[in-house]
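In: Next comes the sequence, and after it the predicted model I'd like to discuss.
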Amino acid sequence: MGKKSYRNNGSTFRKPKRPFEKERLDAEMKIVGEYGLKNKREVWRVQYALAKIRTAARTLLTQDEKSETRLFQGEALLRRMIRLGLCWSRRRSSITCWA
């Protein structure tokens, strides 16, 4: 019997497919300079988090509108977006998100 490990080995960022693409490198450098980030990995981390949110939203939109899983996971997705600061105004009737 081994010891139980509580480490999180999930990926937090994804490297670009083309490492030396000029336009992407310039855009990333501009973002790093504008927001005072430490390195480009922080840019990739945010892009990866947003990609996961977009993927979850796309799969939710394909489900039936009255589906129990769509309602439950949709609320969880909205809570996650509010926690990250992508949406605000928690009233159920009107939730505003960044475009």
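Out: Structure's in. What do you need? What you see is a predicted model, and the numbers here were worked out from it, not measured in a lab.
In: can you give me the helices in this structure?
Out: Remark: helices assigned in the chain by DSSP state H are 22-35, 40-62, 68-84.
In: Of those helices, give the one that comes closest to residue 12.
Out: Nearest to residue 12 among the helices of the chain is helix 40-62 (5.6 Å), distances taken as Cβ to Cβ. C-beta coordinates here come from the backbone N, C-alpha and C atoms, glycine included.
In: List the buried residues for the closest one?
Out: For helix 40-62, the neighbour count (16 or more other Cβ atoms under 10 Å) marks 40, 42, 43, 44, 45, 56, 60 as buried.
In: With stretch 72-92 instead?
Out: 73, 74, 78, 81, 87.
In: quick check, nearest of the residues you listed to residue 14?
Out: Nearest to residue 14 out of the buried residues of stretch 72-92 is residue 81 (Cβ to Cβ; 20.0 Å).
In: Now do the same contact list for residue 16.
Out: By Cβ atoms under 8 Å, 6 or more residues apart in numbering, residue 16 lies in contact with 24, 44.
In: Kindly list the main-chain dihedrals of it?
Out: Backbone torsions of residue 16, given as degrees, to the nearest 10, read phi -70, psi 150.
In: From residue 71, how far off is it?
Out: Separation of residue 16 from residue 71 (Cβ to Cβ, to the nearest Å) stands at 36 Å.
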